[in-house]
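Trainee: need a 3D model of the sequence below.
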Amino acid sequence: MTEGRYLYCILDGAETRNLGKVGIQGGEVRVLPYESVGAVISPVPFSEIESNLVNILVHQKVVDLARGIGTALPVRFGIIFKTEEGVKKMLSKSYESYRTKLHKLKDRDEFGVKVILNDSGLKRIRQSVEADSEEVVATRKKLPKSGRGTSYLLRLKMEEAIKNQLYKKIEDLSQQIYTRLGAPADERTVLKSDHEQIILNAAYLINRREVERFQKEVEAVRKDFGGEGLIVHTSGPWAPYSFC
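Mentor: Sure thing, here's the model as predicted:
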């Protein structure tokens with residue numbers, strides 16, 4: 001089978017380096033230089049790499065090793081070139097873009113934040129909506145005087161109003177936290193949530209000088225919103241995958 005070159009990341013600096021046989025399938029990882037940047041690569045069979053946990057973790061480990069050398073621009077999993085010449089052509093074509101992105105990412109890390117609304121918090125917000133919403137209160141007052149058919153329609157209307165206002169309150173909470181934690185960040189982005197109780201899944205690009213400030217803001221958010229039934233999970237520092 002033809003041997004290709006697997007790409008992990010783009011590195012600031014053009015020094016040729018060998019990181020050892022730490023790549024996917026035990027491949028020897030090295031830096032292929034081009035002008036003032038380098039591509040971190042290793043040999044692999046020129047075929048689709050299986051996206052399993054082992055390979056993904058190896059990919060991330062190599063990116064982390066590269067970040068120990070200098071600023072690294074992570075590349076998504078599974079990028080393979082047929083030849084080293086192909087890697088060099090890619091570096092040449094995108095050189096200015098890489099330089100710009102590497103400058104933006106210098107001394108910066110990605111931190112992840114997941115905010116979970118627990119069952120008691122959801123119940124508390126629903127009770128608040130039911131008690132405070134003029135539309136819900138007015139509709140409930142009409143129920144005892146309504147016939148069976150009208151009562152059924154009113155209940156549907158009331159439940160829809162509760163649902164809409166519940167979502168709005170949750171969205172407001174999410175936005176408050178997203179904005180507050182973004183104050184120390186250079187950039188921020190909302191990521192897809194994989195569970196309905198995760199009301200915020202976000203990534204923040206933090207200058208290392210601002211990490212302590214960011215962590216203090218996280219603790220402040222935990223203190224301020226803990227009574228609302230919100231649990232704040234953080235992760236990182238990571239390579240800035242969400243900002244490339």
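Trainee: the most centrally placed residue in the chain is in what secondary structure piece?
Mentor: The chain has residue 203 as the residue nearest its centroid, 4.2 Å off, counting by Cα atoms, centre = their mean. Assigned by DSSP states H and E, residue 203 falls within strand 198-207.
Trainee: can you name the next helix or strand after that strand?
Mentor: As assigned by DSSP H and E, the chain's next helix or strand after strand 198-207 is helix 211-225.
Trainee: so which residues make contact with that following helix?
Mentor: 109, 111, 113, 173, 177, 180-181, 183-185, 204, 206, 232, 234, 237 (Cβ atoms under 8 Å, 6 or more residues apart in numbering). Backbone N, C-alpha and C define where each C-beta goes, glycine included.
Trainee: for stretch 64-84, how far is the first residue from the last?
Mentor: With Cα to Cα, to the nearest Å as the measure, the ends of stretch 64-84 fall 22 Å from one another.
Trainee: buried residues, it. List them.
Mentor: Using 16 or more other Cβ atoms under 10 Å as the test for burial, stretch 64-84 gives 64-67, 69, 71-75, 77, 80-81.
Trainee: now do the strands in the chain.
Mentor: Taking DSSP state E as the criterion, the chain carries its strands at 3-12, 17-20, 29-34, 37-45, 72-74, 80-81, 108-117, 187-190, 198-207, 230-238.
Trainee: ends of stretch 24-39, what's the gap?
Mentor: Using Cα to Cα, the two ends of stretch 24-39 sit 15 Å apart.
Trainee: for that stretch, give the mean pLDDT please.
Mentor: Stretch 24-39 shows a mean pLDDT of 95.
Trainee: kindly report the same for stretch 107-125.
Mentor: Per-residue scores along stretch 107-125 average to 89.
Trainee: on that earlier part again, of the contacts of helix 211-225, just the buried ones, PyMOL syntax please.
Mentor: Buried subset of these, written as a PyMOL selection, criterion 16+ other Cβ under 10 Å:
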select buried, resi 109+111+113+173+177+181+184+185+204+206+232+234
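Trainee: skipping adjacent residues, who's closest to residue 116 in space?
Mentor: Leaving aside its chain neighbours, residue 116 sits nearest to residue 231 (4.4 Å; criterion: Cβ to Cβ, 6 or more residues apart in numbering).
Trainee: ditto for residue 40
Mentor: residue 8 (4.5 Å).
Trainee: thinking that neighbour is in contact with residue 62, fair?
Mentor: Yes. Counting by Cβ atoms under 8 Å, residue 8 touches residue 62, with 4.5 Å between them.
Trainee: overlap in contacts of those two?
Mentor: 23, 29, 40, 42.
Trainee: who wins on neighbours among these?
Mentor: residue 40 (26 neighbours; other Cβ atoms under 10 Å).
Trainee: from residue 242, how far out is that one?
Mentor: Using Cβ to Cβ, to the nearest Å, one obtains 19 Å as the distance from residue 40 to residue 242.
Trainee: quick revisit: highest mean neighbour count out of the strands of the chain?
Mentor: strand 72-74 (a mean of 25; mean count of other Cβ atoms under 10 Å).
Trainee: that one packs against which elements?
Mentor: In terms of contacts (3 or more Cβ pairs under 8 Å, 6 or more residues apart in numbering; DSSP states H and E), strand 72-74 is packed against strand 3-12, helix 53-67, helix 95-105.
Trainee: chain center to the first one: distance?
Mentor: The one in question is strand 3-12. 23 Å (Cα atoms, centre = their mean, to the nearest Å).
Trainee: and for the last one?
Mentor: On the basis of Cα atoms, centre = their mean, helix 95-105 is displaced by 21 Å from the centre of the chain it belongs to.
Trainee: and it, what does it pack against?
Mentor: Using 3+ Cβ pairs under 8 Å, 6+ apart, helix 95-105 is in contact with strand 3-12, strand 37-45, strand 72-74.
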